[in-house]
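Colleague: Sequence below, structure please.
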Amino acid sequence: MRYRTRVTGPAAALIGTAAVLTGGTTAHAVPGGTTTDGARTEGTDAPETLGDPVFPALGNDGYRVTSYHLDFSYDATTALVDAAATLEIRTTQALSRFSLDALGLDIATVQVDGRTAQFEQVAEKLRITPPRPLPDRDRATVRVTYTADPRRTLAHTAWVPTPDGFAVCPQPDSAHTVFPCNDHPSDKAGFTVRITVPATLKAVASGTLVCTEDLAGDRTAYTYRSRSPIATELVQITVGDYVVKQRQGPHGLPLRDVVPVARAEALEPALALTPGLVEWLEQRLGAYPFETYGLLPCNSDDPAAFDFTGLETQTLTLYKPNYLLQAEPKIGSHMMHELVHSYFGNSVSPATWADLWLNEGHADFYGLLYRYERGWPDSLGLTTFEARMKDTYARGDQWRRTSGPVAAPNAANLFDSQRYLGGVLVLYALRQLIGEDAFHAVERAFLARHRNSSASTEDYIAVACQVSGQDVSGFLRDWLYGTTTPRMPGHPDWTVTPVPPSLTAPRGKSGARRHENSATL
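Modeller: Got it, this is the predicted structure:
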């Protein structure tokens with residue numbers, strides 16, 4: 001369970017809110033009544049969870065966030081970040097108290113609608129008591145000021161410290177170590193990010209640059225705004241000695257890469273691949289869904305800086321720079337994997353973390369198609385999609401025993417191969433059953449119906465049934481939730497390797513934060 005008991009935040013801030021600290025989790029007594037539009041003002045404490053099946057303590061109920069405005073100021077001498085996070089929220093019930101996810105942030109002040117609010121930090125929650133209850137269906141502005149140390153040791157963190165600044169890797173449950181938020185992909189919101197840095201550095205964030213300010217003290221502020229809503233786990237904010245390289249993609253799509261100055265020339269061959277990747281994918285999934293795309297090879301060679309090769313932070317994919325120094329056959333398939341996430345994972349986010357296979361299965365599906373079209377052998381030495389699926393099919397029962405069904409992960413096995421190649425196998429089986437044309441129609445319809453939103457496994461099943469004209473619900477649920485591997489349509493000769501009765505899932509959480517099970521690597 002991710003709800004930890006460690007109290008964070010400076011002692012002074014906690015002492016200053018002693019009245020709230022004595023309240024525990026007891027509901028606050030507040031006066032009742034109604035507003036002029038009939039909304040009730042009598043409040044209760046909002047639930048401190050959205051009930052995610054993988055991370056049951058993640059997220060908060062009672063409201064939804066419509067927008068975030070983050071204002072960061074980076075001090076290169078101390079490597080600290082002074083920040084203010086302003087959230088526009090809309091309540092879904094009358095609230096006397098609500099919470100945000102927050103870990104490792106030294107909270108200084110909290111205001112609700114411009115008035116000082118009481119707060120406390122308990123485990124990974126920032127509990128806020130507004131000066132007066134918030135009515136149901138009310139809009140409110142929440143402003144939190146705080147300081148963050150990107151190098152602080154935490155149970156988990158999104159910060160990636162670099163010699164000249166930082167980047168962030170929030171997936172799956174660590175955005176709230178960077179800014180207080182409703183940290184769940186089902187609550188997507190608009191983002192504006194302003195970052196003030198020494199003039200010798202550049203700051204970049206998800207979205208597009210809308211303002212640059214030259215400030216006193218030889219400092220510069222950069223403001224970025226997203227055109228589309230972003231899930232908290234997909235936000236990128238980075239500071240460093242960067243050059244921003246602009247190029248054009250298909251149909252005039254602006255592409256921008258954020259590259260360490262000292263590595264720019266060496267990385268150019270990899271960066272130049274992006275326009276061709278976008279063109280290939282648009283032919284299959286339709287127009288790229290956002291205002292820009294590019295890569296961020298963050299300036300760190302530390303193998304422990306983050307536990308994956310690339311991360312699909314929205315409009316700006318984070319990479320380990322040395323990976324991109326390899327030849328195209330070594331990196332092209334995985335670059336496609338990350339680009340596919342702009343559609344599956346970013347434009348359409350998972351409704352819960354149990355729906356991760358929709359992200360990773362699709363990313364590997366198209367990444368492998370791209371690889372095999374070019375005749376590049378995969379890590380097993382296979383050169384056709386069918387050969388890889390036959391090999392994966394043989395492993396099906398073993399993976400279901402050790403990692404659970406494809407759409408039923410837990411925190412320990414969330415990023416196991418079952419969500420990647422296991423997800424690919426489900427999509428392959430569906431394509432075998434309904435045919436290639438119907439499959440592509442399902443894919444595009446799902447993306448169109450749930451664009452800029454979140455969608456569940458059941459949502460995908462519903463679209464597949466409607467668009468294919470067949471009731472494939474039982475078929476897909478067997479593949480996604482069954483404890484044994486179903487027969488593969490069109491391949492009656494394929495067999496599943498028997499699983500020894502002694503084989504069980506590994507104990508512990510050693511695989512909880514592994515992201516390296518993509519078949520495109």
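Colleague: Go ahead and report the secondary structure state at residue 399.
Modeller: helix (DSSP: H, G, I helix; E, B strand; the rest coil).
Colleague: any idea how far residue 68 is from it?
Modeller: Residue 399 sits 38 Å away from residue 68 when distances are taken as Cβ to Cβ, to the nearest Å. Using the backbone N, CA and C atoms, a C-beta is placed for each residue, glycine as well.
Colleague: for residue 436, same thing?
Modeller: 41 Å.
Colleague: Between the two, tell me which one has more neighbours.
Modeller: A count of neighbours by other Cβ atoms under 10 Å puts residue 68 above the other of residue 436 and residue 68, at 22 against 9.
Colleague: The one helix or strand that one maps to: how far from the chain's middle?
Modeller: Assigned by DSSP states H and E, residue 68 falls within strand 63-75. Centroid separation between strand 63-75 and its chain, computed with Cα atoms, centre = their mean, to the nearest Å, is 16 Å.
Colleague: swap in stretch 69-88?
Modeller: 21 Å.
Colleague: I'd like the average pLDDT over it.
Modeller: Stretch 69-88 shows a mean pLDDT of 98.
Colleague: same question, stretch 125-139
Modeller: On average, stretch 125-139 scores 98.
Colleague: Tell me how many other residues surround the closest residue to residue 476 other than its chain neighbours.
Modeller: Distance criterion Cβ to Cβ, 6 or more residues apart in numbering; nearest residue to residue 476, sequence neighbours excluded, is residue 461 at 5.0 Å. Around residue 461 there are 20 other residues, counting by other Cβ under 10 Å.
Colleague: Make sure residue 461 is indeed in a helix.
Modeller: Yes. Counting by three-state DSSP, residue 461 is found in a helix.
Colleague: quick one, what contacts it?
Modeller: Contact analysis of residue 461 by Cβ atoms under 8 Å, 6 or more residues apart in numbering lists 472-473, 476-477.
Colleague: Mark which of those residues are buried, thanks.
Modeller: 472, 476 (16 or more other Cβ atoms under 10 Å).
Colleague: would you list the contacts of residue 461 in a markdown table and tack on secondary structure, pLDDT and distance to residue 267?
Modeller: Formatted as a markdown table, the contacts of residue 461 follow (DSSP: H, G, I helix; E, B strand; the rest coil; pLDDT from 0 to 100; distance: Cβ to Cβ, whole Å):
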| residue | secondary structure | pLDDT | distance to residue 267 |
| --- | --- | --- | --- |
| 472 | coil | 98 | 43 |
| 473 | helix | 98 | 46 |
| 476 | helix | 98 | 41 |
| 477 | helix | 98 | 44 |
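Colleague: want to throw the contacts of residue 461 into a markdown table with distance to residue 232?
Modeller: Formatted as a markdown table, these follow (distance: Cβ to Cβ, whole Å):
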| residue | distance to residue 232 |
| --- | --- |
| 472 | 33 |
| 473 | 31 |
| 476 | 29 |
| 477 | 30 |
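Colleague: Residue 208: which of the contacts of residue 461 is nearest?
Modeller: residue 476 (37.7 Å; Cβ to Cβ).
Colleague: That closest one contacts residue 427, doesn't it?
Modeller: No. Judged on Cβ atoms under 8 Å, residue 476 makes no contact with residue 427 at a distance of 10.0 Å.
Colleague: Where does the prediction get shaky in the stretch 401-521 of the chain?
Modeller: Scanning the stretch 401-521 of the chain for pLDDT under 70 picks out 506-515.
Colleague: residue ranges for the strands of it, please.
Modeller: Secondary structure of the stretch 401-521 of the chain (DSSP state E, counting those that start in this stretch): strands at 453-455.
Colleague: most centrally placed residue in this protein?
Modeller: residue 233 (3.2 Å; Cα atoms, centre = their mean).
Colleague: That one belongs to a helix, doesn't it?
Modeller: Yes. Counting by three-state DSSP, residue 233 is located in a helix.
Colleague: Distance check, it against residue 419.
Modeller: As for residue 233, its distance to residue 419 is 15 Å (criterion: Cβ to Cβ).
Colleague: ok, now residue 277?
Modeller: Distance from residue 277 to residue 419, by Cβ to Cβ: 23 Å.
Colleague: More neighbours: these two, which one.
Modeller: Of the pair residue 277 and residue 419, residue 419 is the one with more neighbours under other Cβ under 10 Å, namely 29 against 19.
Colleague: For the more buried one, which residues are in contact?
Modeller: 356-357, 360-361, 406, 409, 517.
Colleague: at 7 Å instead, please
Modeller: Going by Cβ atoms under 7 Å, 6 or more residues apart in numbering, residue 419 touches 356-357, 360-361, 406, 409.
Colleague: Many thanks, we can stop here.
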